[in-house]
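A.B. asks: Could you look at this predicted model? Sequence included:
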Amino acid sequence: MEDKKELSERELLVALEDVQRRSLRHARVTTVVCLVIAALLLLVTLLTLPRVVSALNRLDDTLNNLESAMETLSSLEGAAGQLDGFMKDVNSLGNAATQLGDLDIDTLNKGIRDISNIDFDRLNQAINDLSDVIQPLARFANLFN
């Protein structure tokens, strides 16, 4: 009976050793899988990080250009306000000439000089700069559509 008991204890020990080997093998496989996943995550991060930094730099440049364009637009609004004032001067000059029947040549010359002093090259350049700033923003916005 003792032999049977010993034999069953041996069988139990062999079975226990087999279970521990399987458990060790599973732990090793799990460790390798975790290491592979961590390596893949690190690789993906290292590959995408320069692109992200580049995109952030381009976004910063675009925002700086947008601020510059907003300043230019503000100056254009000021010029438009001056142009509106000039046009009102010309209209009031025409109305006064109609009422009086006599045209004040000095006022007309001043209005024409003010209109001719508008820097259309600068206005066109500001419009082109604004267009250059808006195009990358439009492309950037289209990435999310």
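C.D. replies: Perfect, thanks for sending it.

A.B. asks: Mind checking which residue lies nearest the centre of the protein?
C.D. replies: L59 (4.1 Å; C-alpha atoms, centre = their mean).

A.B. asks: Do me a favour and average the pLDDT over the host helix or strand of N57.
C.D. replies: Following DSSP states H and E, one finds N57 within helix 2-100. Taken as a whole, helix 2-100 has a mean pLDDT of 83.

A.B. asks: which element follows it toward the C-terminus?
C.D. replies: Going down the chain from helix 2-100, the next helix or strand is helix 105-116, by DSSP H and E.

A.B. asks: Distance-wise, check the residue nearest to the centre of the chain relative to N65.
C.D. replies: Distance, L59 to N65, using C-beta to C-beta, to the nearest Å: 11 Å. For every residue, glycine as well, the C-beta is placed using N, CA and C.

A.B. asks: Likewise for I112?
C.D. replies: 36 Å.

A.B. asks: Compare these two (neighbour count), which wins?
C.D. replies: Between I112 and N65, N65 has the larger neighbour count (other C-beta atoms under 10 Å), namely 17 against 12.

A.B. asks: Excluding covalently adjacent residues, which one is nearest to the more buried one?
C.D. replies: Nearest residue to N65 in three dimensions, chain neighbours excluded: V133, at 4.3 Å (C-beta to C-beta, 6 or more residues apart in numbering).

A.B. asks: how many neighbours does the one you found have?
C.D. replies: Using other C-beta under 10 Å, V133 is surrounded by 21 other residues.

A.B. asks: how distant is the helix or strand hosting I134 from the center of its chain?
C.D. replies: Secondary structure from DSSP H and E places I134 in helix 120-142. How far helix 120-142 lies from its chain's middle: 15 Å, per C-alpha atoms, centre = their mean, to the nearest Å.

A.B. asks: Please consider this matter closed, and thank you.
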